[in-house]
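*Asks:* Just need the structure, nothing else, for what follows:
(one chain, ligands or ions: 1)
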Amino acid sequence: MSAQIWVLGGTGRSGRTVAARLARLGLTAVLVGRDANRLHATAQRIGGETLPAPSLAAAAAEIRRQRPAVVVNTVGPFTATAPAVVDACRAVGSHYIDLANDVPALLAAYEMHDAATQAGQTVVTGAGFGVTATESVVVKLCENRPSPLRVRVDMVPSIAMEEGTAGEALIGTLLGSLDGRRITDGRLAPARLFGDPVRLTLPDGSRVTTASMPSGELLAAHRASGARHVLSATSEAPSSSLIRAMTPALSALMRRERLRSFATRRLARVRVRAKERPRDHSWGHAVVTWADGENREGWLRLGDAQEFTGAVSAEIARRLLAGEGRPGVYTPAALFGPTLAESCGAAYLLTGRGGSGKR
Ligand SMILES: NC(=O)c1ccc[n+]([C@@H]2O[C@H](COP(=O)([O-])OP(=O)(O)OC[C@H]3O[C@@H](n4cnc5c(N)ncnc54)[C@H](OP(=O)(O)O)[C@@H]3O)[C@@H](O)[C@H]2O)c1
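*Replies:* So this is what the prediction gives:
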């Protein structure tokens, strides 16, 4: 096998987008997946080599045998899939990238920092739209500044949906996120899910409502800023008051492992219709407030959020292949700074700067 970048889940929405972006960078991906026919059809369309592996354990065994330089894991939920793949990568000196965007997966990834550092391995987690778009704005706003008191990040994705099923990877990740969390006094603390709604006016003049939903963005924004209080919100949080009222009961139910697995399997099979992108741009947004009252607001503007996910993972894979990483566990902007998002086609708009503090 000649190509050095492997994409696990190569037939999925994210896997295909990552591989297509790698091809645009002049890099050949090895698409790894469970279904040889679908892998072959995908490779015919977007390029790349194929490696059928009937399970993730089989894929991990192949990593140990064939030692790719970089592995991009797009098979969620990452709390379940990352440990064995990261271990296999570490054993043979492969760098690892995944698209995790939930709190438990990022916490588990950060736990691996010392082992990765000692092994000289780079692990990049959160290499998708949500974490990268919001974290990048926070890093940009906090550059050369002391730690702020408070940060709120909002993600406003715009994604075209193809017809098909949602799939267990995506649904499993979503159901695993239904537990309210925020950073209070520097610690991860319980919070009301879908709370703190804010009506945002986007830089293009359109309006959306975002509400809190704990995600990898929360932890990445906390690490990037060092703020004592952090909240992460999204325009994907349901705005209906009925759903908000039902949320505590739903969260409690989803903490039961067997029930969550059952719901994941059922919802994963529900067919979704093809849908156009609801707006021209996706946005990452952050408001950062310092103890003296100064606050800064910034936006990251990009196109389709799924395309951006592919671009971010592919660009990170390219850089790791070129030896530009460093050992340890990082989120994208923590490793490569705020310019990474720009090199993936996004642009910053820093709109607000106010308060009573010195500038
Ligand atoms: N950070 C971000 O902003 C961001 C952005 C996009 C996606 N994501 C995350 O990325 C993950 C994938 O999303 P997606 O939309 O690409 O999902 P998807 O289209 O359903 O693709 C998932 C892929 O994983 C494979 N897969 C699923 N379960 C597997 C298992 N048990 N063993 C081996 N392979 C398995 C599927 O293979 P089969 O075809 O054989 O089933 C498919 O190729 C989700 O967790 C999602 O939350 C994060």
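*Asks:* Enumerate the residues of the stretch 1-150 of the chain near the ligand.
*Replies:* Residues of the stretch 1-150 of the chain lying close to the ligand (CB under 6 Å from any ligand atom) are 9, 11-15, 33-35, 55-56, 74-77, 99, 101, 126, 128-131. (Each C-beta comes from the backbone N, C-alpha and C, glycine too.)
*Asks:* and those, which of them are in helices?
*Replies:* Using DSSP state H, 13, 14, 15, 56, 129, 130, 131 are the members of these that sit in helices.
*Asks:* Wait, the fifth one touches residue 156, no?
*Replies:* No. Taking contact to mean CB atoms under 8 Å, the distance of 10.1 Å between residue 129 and residue 156 leaves them out of contact.
*Asks:* Are there residues contacting both of the two? Which ones?
*Replies:* Counting by CB atoms under 8 Å, 6 or more residues apart in numbering, the shared contacts of residue 129 and residue 156 are 282, 284.
*Asks:* how about stretch 146-156: buried residues?
*Replies:* For stretch 146-156, the neighbour count (16 or more other CB atoms under 10 Å) marks 148, 149, 150, 151, 152, 153, 154, 155, 156 as buried.
*Asks:* Select, from these, the two members most distant in space.
*Replies:* By the measure CB to CB, 149 and 156 form the most distant pair in the buried residues of stretch 146-156, at 24.2 Å.
*Asks:* which element follows the lowest-mean-pLDDT helix or strand in the chain toward the C-terminus?
*Replies:* Scoring the helices and strands of the chain by mean pLDDT, DSSP states H and E places helix 241-254 at the bottom, with a mean of 68. Next in sequence after helix 241-254, counting helices and strands by DSSP states H and E, comes helix 257-268.
*Asks:* what's the distance between the residue of the stretch 251-359 of the chain found nearest the ligand and residue 148?
*Replies:* Nearest residue of the stretch 251-359 of the chain to the ligand: residue 309, at 4.1 Å (CB to the nearest ligand atom). In this view, residue 309 and residue 148 are 27 Å apart by CB to CB, to the nearest Å.
*Asks:* Helix, strand or coil: sort out residue 325 for me.
*Replies:* Under the three-state scheme (DSSP: H, G, I helix; E, B strand; the rest coil), residue 325 adopts coil.
*Asks:* With adjacent residues omitted, what lies nearest to it?
*Replies:* residue 122 (3.5 Å; CB to CB, 6 or more residues apart in numbering).
*Asks:* Now do the same contact list for that neighbour.
*Replies:* Residue 122 is in contact with 95, 96, 116, 320, 325, 326, 327, 328, 330, 335, counting by CB under 8 Å, 6+ apart.
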